[in-house]
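**Student:** Need a 3D model of the following:
(2 chains)
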Amino acid sequence: ETGVTQSPTHLIKTRGQQVTLRCSSQSGHNTVSWYQQALGQGPQFIFQYYREEENGRGNFPPRFSGLQFPNYSSELNVNALELDDSALYLCASSLPGLGYNEQFFGPGTRLTVL
Amino acid sequence: AQSVTQLDSQVPVFEEAPVELRCNYSSSVSVYLFWYVQYPNQGLQLLLKYLSGSTLVKGINGFEAEFNKSQTSFHLRKPSVHISDTAEYFCAVSEIGASGGSYIPTFGRGTSLIVHP
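**Tutor:** Numbering: from 1, shown residues only, chains lettered A, B, ... in the order given. So this is what the prediction gives:
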């Protein structure tokens, strides 16, 4: 069984640019969540996708957007990058349903904005 | 809205000594509680969770945590730590029934456990 994978591992961009991060969910998982983890902080929820639809969003501006594909992989897009966007971006996949379903995290993409 | 406070940003301890990492939460409804571990350059791994039932929860790698509803706490403990336990530990809370049933945790800022030989 393949775990959650993310690409790229590291990325360096300059302020104002756009970036796309990718996530492949664990086999059989159709729910994907994205988190931003700034240095020295805990992960903060960005949004969640279930069956290609956004299914919850945290306190992030619209320049953070996402997609989920029919194979349940997902992308996080960030436009007009700012210095404060520098962080580790984590993707987590899970099964849907009421109550608790464990999220399995990928290793993350480290984004540096110069 | 839910929130999590991890009272210690860094906890240094010697190998084979006991350790406790403290976590308090705030919520107006019932919650699920979690501890995650993050090793350098890796994602999060679930250590243990409290969903319901017994307030003493046992997890992987010899860790355990106790849910105390009256004190709104969920402290993590291990009786004897190893060098390999050096990592960042995150407490998280999720309100039951929120977000249409989707589980979306709120994380604390993390506690860095540093185990010295």
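**Student:** quick one: the residue positioned nearest the centre of chain A from residue B:57, how far?
**Tutor:** What sits nearest the mean C-alpha location of chain A, by CA atoms, centre = their mean, is residue A:34, with 3.0 Å. Per CB to CB, to the nearest Å, residue A:34 is found 27 Å from residue B:57. C-betas here are computed from N, CA, C, even on glycine.
**Student:** Which of the helices or strands spans the residue nearest to the centre of chain A?
**Tutor:** Following DSSP states H and E, one finds residue A:34 within strand A:31-37.
**Student:** Residue numbers of chain B in contact with chain A?
**Tutor:** Within chain B, the positions lying close to chain A (CB under 8 Å from any CB of the partner chain) are B:4, B:32, B:41-46, B:49, B:51, B:90, B:92, B:94, B:96, B:99-110.
**Student:** Return the distance of the closest residue to residue B:4 other than its chain neighbours relative to residue A:81.
**Tutor:** Here the nearest residue to residue B:4 in space, its sequence neighbours aside, is residue B:108; by CB to CB, 6 or more residues apart in numbering or on different chains that works out to 3.9 Å. Counting by CB to CB, the gap from residue B:108 to residue A:81 is 27 Å.
**Student:** next one: residue B:29
**Tutor:** In this structure, residue B:29 and residue A:81 are separated by 37 Å, where distance is defined by CB to CB.
**Student:** Give me the more crowded residue out of the two.
**Tutor:** A direct count of neighbours by other CB atoms under 10 Å in any protein chain shown for residue B:29 and residue A:81 places residue A:81 higher, at 19 against 9.
**Student:** Cheers, nothing more for now.
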